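In: predicted model and sequence below, questions to follow.
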Amino acid sequence: MKKLLSLLLAVCLVLCLLPAAYADAPEKPVVYFTDDISPAGLVAIYEALGWKPVGPVAVKLSTGEPPASNYLRPELIADLVHKVDGTIVECNTAYAGQRAATAEHYEVAEEHGFTDIADFQILDEYGSMEIPVTGGTRLTGDLVGAHFKDYGSYLILSHFKGHPMAGYGGAIKNASIGLASAMGKVRIHSGGTSDTHWHDELQIEFLEAMAEAAKAVCDDLGDQVVFINVMNRLSIDCDCAPYPEEPDIHDIGILASTDPVALDQACLDLVSKADGNEKLMWRLEDRQGLHTLEHAEEIGLGSRSYTLVDIGKNAA
């Protein structure tokens, strides 16, 4: 009888402690999803975030390398850009191409139709500014465009796809490499070892520096940054490729979150279940792309665990 009473007391104690344990567990970040890849779908997923931007709003995207890259088309994004009264922003590339020099980059933005829908600015047309990196192992500072502070809020609008160096390109890449000045891009690609020499062989260092640069941006902006990934034209090649390989995966949808780690992880989880994903999954594994997310979670940028909310199903 004593043993039975002791067992019952122990069970009661565990049951009493369970609510407190669950209360202490952090909530998983929400990632919103819609399969409606349209101007209306893009606005709807933005509205699901319930975000209230402050001050001038920058919409960061990739202008795409001419002549045939898979950049997000102006006709898809125009309604969203207008809704936030945003200025489209970019930074110059650190490799040879039509977007390496400011004057030519402005021409590309015009040719691709971005200047027809909104104001457009190259953030590093007058050089770099440095923001601090906390908790990193590769970087102590991130070099962003000198105009970075001209804006109070940032909407990081990314075309999700493969990438020849990072394995994949999404929210983290757009917030790090994308917002880095040309010199800052070299710093990240060299894993923090140089601002002048690009070191392709430092793969793990590069992936970790990319996560740390994204954390610097998020730490600086606080709650004034949100992320949207558009999963269409899912080539294994980045928008930096002038002639990307044709996609093997059907268009999937649009996802959004305040957590870039959760967002990119959700996109990769969808890719892992998609038909025709062999090439993209190979590239991800070959370039060790998941390590970016591992390191990002490790340094506190975000969470790889998430709750997926389908706003299409909710609306129905």
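Out: Received it, and whenever you're ready, just let me know what you need.

In: quick check: V225 touching I156?
Out: Yes. Counting by CB atoms under 8 Å, V225 touches I156, with 6.5 Å between them. All C-beta atoms are positioned from the backbone trio N, CA, C, and that covers glycine.

In: neighbour count winner among the two?
Out: I156 (27 against 23; other CB atoms under 10 Å).

In: what helix or strand is the more buried one located in?
Out: According to DSSP states H and E, I156 maps onto strand 153-159.

In: same for whatever helix or strand comes next after that strand, what does it pack against?
Out: The helix or strand immediately downstream of strand 153-159 is strand 161-163, counting by DSSP H and E. Contact partners of strand 161-163 among helices and strands, from 3 or more CB pairs under 8 Å, 6 or more residues apart in numbering; DSSP states H and E: strand 167-169, helix 278-286.

In: same question for strand 161-163, mean pLDDT?
Out: For strand 161-163, mean pLDDT rounds to 96.

In: which neighbours in the sheet does it have, and how are they oriented?
Out: strand 167-169 (antiparallel) (DSSP bridges).

In: what's downstream of the strand it pairs with, the next helix or strand?
Out: According to DSSP H and E, the helix or strand after strand 167-169 is helix 171-176.

In: please enumerate the helices of this protein.
Out: In the chain, helices defined by DSSP state H lie at 2-24, 39-48, 74-83, 102-111, 171-176, 182-189, 203-221, 260-272, 278-286, 290-298, 311-315, listed in chain order.

In: what's the per-residue pLDDT of D200 here?
Out: 78.

In: burial check on it, number of neighbours?
Out: Neighbours of D200 (other CB under 10 Å): 9.

In: please verify my assumption that it contacts M165.
Out: Yes. Using CB under 8 Å, D200 is in contact with M165, at 7.3 Å.

In: joint contacts of these two?
Out: H189 (CB atoms under 8 Å, 6 or more residues apart in numbering).

In: where in this structure is pLDDT low?
Out: 1-25, 313-316 (pLDDT under 70).

In: does H189 really touch H199, like I thought?
Out: Yes. Here H189 lies in contact with H199, judged by CB under 8 Å, at a distance of 6.9 Å.

In: those two: which is more packed in?
Out: Using other CB under 10 Å as the criterion, H189 and H199 rank with H189 on top: 25 against 14.

In: between H189 and H199, what contacts are shared?
Out: With CB under 8 Å, 6+ apart, H189 and H199 have common neighbours F206.

In: flag every buried residue along stretch 233-253.
Out: Across stretch 233-253, burial judged by 16 or more other CB atoms under 10 Å covers 233-241, 244, 247, 249, 252-253.

In: just these now: which is nearest P29?
Out: P29 has its nearest neighbour among the buried residues of stretch 233-253 in G253, at 17.9 Å by CB to CB.

In: for the closest residue to that closest one other than its chain neighbours, what are its contacts?
Out: In this structure, G253 finds its nearest non-sequential neighbour in D35, 4.2 Å apart by CB to CB, 6 or more residues apart in numbering. By CB under 8 Å, 6+ apart, D35 lies in contact with 41, 252-253, 312.

In: circling back: with respect to Y46, which of the buried residues of stretch 233-253 is nearest?
Out: The closest of the buried residues of stretch 233-253, once distances to Y46 are taken by CB to CB, is G253, at 13.9 Å.

In: before we move on, the earlier item: for L270, state which of the contacts of D35 is nearest.
Out: The closest of the contacts of D35, once distances to L270 are taken by CB to CB, is I252, at 5.4 Å.

In: quick one: that closest one from A296, how far?
Out: Applying CB to CB, to the nearest Å, the value for I252 to A296 is 22 Å.

In: same check, this time on A118
Out: For A118, the distance to A296 (CB to CB) stands at 30 Å.

In: of those two, who's got more company?
Out: A296 (28 against 19).

In: one step back: next one: phi and psi at the residue nearest to G253?
Out: phi -90, psi 10 (degrees, to the nearest 10).

In: quick check, P242 in contact with G97.
Out: Yes. At 7.5 Å, P242 counts as touching G97 under the criterion of CB under 8 Å.
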